[in-house]
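>>> please work out how this folds:
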Amino acid sequence: MKPGSSTTPFLKSFRYALAGIAECYRVGRNIRVQTGAAVLVIALGFFFHVSAGEWCALLVCIGLVLGGECMNTAVEDAVDLACPRIDPLAKAAKDLAAGAVLVFSLASLAVGLIVFVPHILTLLGW
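Sure thing, here's the model as predicted:
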């Protein structure tokens, strides 16, 4: 730590990480939609009084999708910076990053169905 500095490098890294998350929300529409879905999932979790294990599964899925979207945004920005012209490899890199988020999202949808369908069926009396 530099003399006179009141913030440790460790704490600065959190500030940088929060700035990165804020940037993702500033430039990305998808993360805002995914955050809305996450809020809905959390509300449903409280409504259905899901178990601790179900909460763990849901929260890990939310973290993977939102973190994946931040990583996708970083890849897209880095590729655009490194290769401002249209290039097949640049497109492939961006498509792969977007595909990773899609995989996380589909897996999370499956987990959500596994968690919530039984609760919904019970609510409906089935």
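
>>> hey, let's count contacts and neighbours off CA atoms from now on
Fine.

>>> kindly provide the whole-number mean pLDDT of the longest helix anywhere in the chain.
Counting by DSSP state H, the longest helix found in the chain is helix 88-123. The average pLDDT for helix 88-123 rounds to 97.

>>> over to stretch 35-44?
98.

>>> what sits closest to the residue most central in space within the chain if chain neighbours are left out?
The centroid of the chain falls nearest to Leu66 when counting by CA atoms, centre = their mean (0.6 Å). Nearest residue to Leu66 in three dimensions, chain neighbours excluded: Ile31, at 6.5 Å (CA to CA, 6 or more residues apart in numbering).

>>> contacting residues for the one you found?
Shown in contact with Ile31 (CA atoms under 8 Å, 6 or more residues apart in numbering): 24-25, 66, 69-70.

>>> could you report the pLDDT at Asp28?
No, residue 28 isn't Asp; it's Gly. For Gly28, the predicted pLDDT is 86.

>>> what sits against it?
Going by CA under 8 Å, 6+ apart, Gly28 touches Thr73.

>>> quickly note the distance from it to Val117.
Going from Gly28 to Val117 by CA to CA, to the nearest Å gives 30 Å.

>>> and if you look at Pro9?
46 Å.

>>> likewise for Cys70?
Here Cys70 is placed at a distance of 29 Å from Val117 (CA to CA).
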